[in-house]
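Undergrad: Sharing a model that was predicted from the sequence below.
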Amino acid sequence: MGLNRLRAFLRRHRLVALDTNIFIYQMESNVLYLPMTSPIFSWLQSTGSHAVTSTITMTELLVHSYRTGSEQLVDEYYGLLASYPNLDWVAPNLEIADTAARFRAFHKLRTPDAIQAATATFAAATGFITNDPGFARVTQFETVVLDHLC
C-alpha cells in the first residue's frame, strides 16, 4: 500500500526535493526503509524525473565518515552522489538563507531542516520526501513522510 502511495506521489510532481535521511537510508541499505528509498532512486534515474537537495545534505552525509576516518566512504559518497542523474545540488544563497530564517521562525524547524525546506522552495519543488514529520508544517510543497506510508 505504501509503495503505491509513494509512486503516485512521484507521478504527481515534476520536481521533488529529497531530505538527507532518504540518502542515508539508501546508502546504508537500511532494511526498514530500503523498500521505499530504492524506488525513489530508480525513479530518479528515469527520463523526465528530477529532484533537488541542498548541499547541506552532503555535509550531513559525510560527518560519520570523517568522524570514523573513512576517506574511502567519503570518496564513495562523492563518486555516487555528485554526478547522480537528474539530481541537482543547490548551495545556500541569500534568498535561501532568508527563507530558511522564516521557516525557522514560523515552523520551528532546526537550521538544517529549514535550509532543506528553503532549498526546495527556491527550486520550485512541489513535493518533498523525508522521514521527518516537521516538514509537513511547511505549506509551500506537499510532503511525504516515509513512516506515514507504512
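TA: Received it, and whenever you're ready, just let me know what you need.
Undergrad: which one's the longest helix in this structure?
TA: The longest helix of the chain (DSSP state H) is helix 94-107.
Undergrad: Could you point out the helix or strand that follows that one?
TA: helix 111-122 (DSSP states H and E).
Undergrad: neighbouring contacts of that following helix?
TA: The set of residues external to helix 111-122 that reach it, using C-beta atoms under 8 Å, 6 or more residues apart in numbering, is 17, 19-20, 52-54, 56-57, 60, 90, 92-93, 95-104, 107, 109, 128, 130, 132, 134-135, 138, 140-141. From N, CA and C alone the C-beta is placed, and that goes for glycine too.
Undergrad: How about that helix, which residues are buried there?
TA: 112-122 (16 or more other C-beta atoms under 10 Å).
Undergrad: What of stretch 138-150?
TA: Within stretch 138-150, the residues scored as buried using 16+ other C-beta under 10 Å are 138, 140-146, 149.
Undergrad: Distance to Gly79, secondary structure and pLDDT added to the residues you listed, as TSV?
TA: Formatted as TSV, the buried residues of stretch 138-150 follow (distance: C-beta to C-beta, whole Å; DSSP: H, G, I helix; E, B strand; the rest coil; pLDDT from 0 to 100):
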residue	distance to Gly79	secondary structure	pLDDT
Val138	32	coil	97
Gln140	32	coil	96
Phe141	29	coil	98
Glu142	32	strand	98
Thr143	30	strand	98
Val144	28	strand	97
Val145	29	strand	97
Leu146	25	helix	97
Leu149	30	helix	90
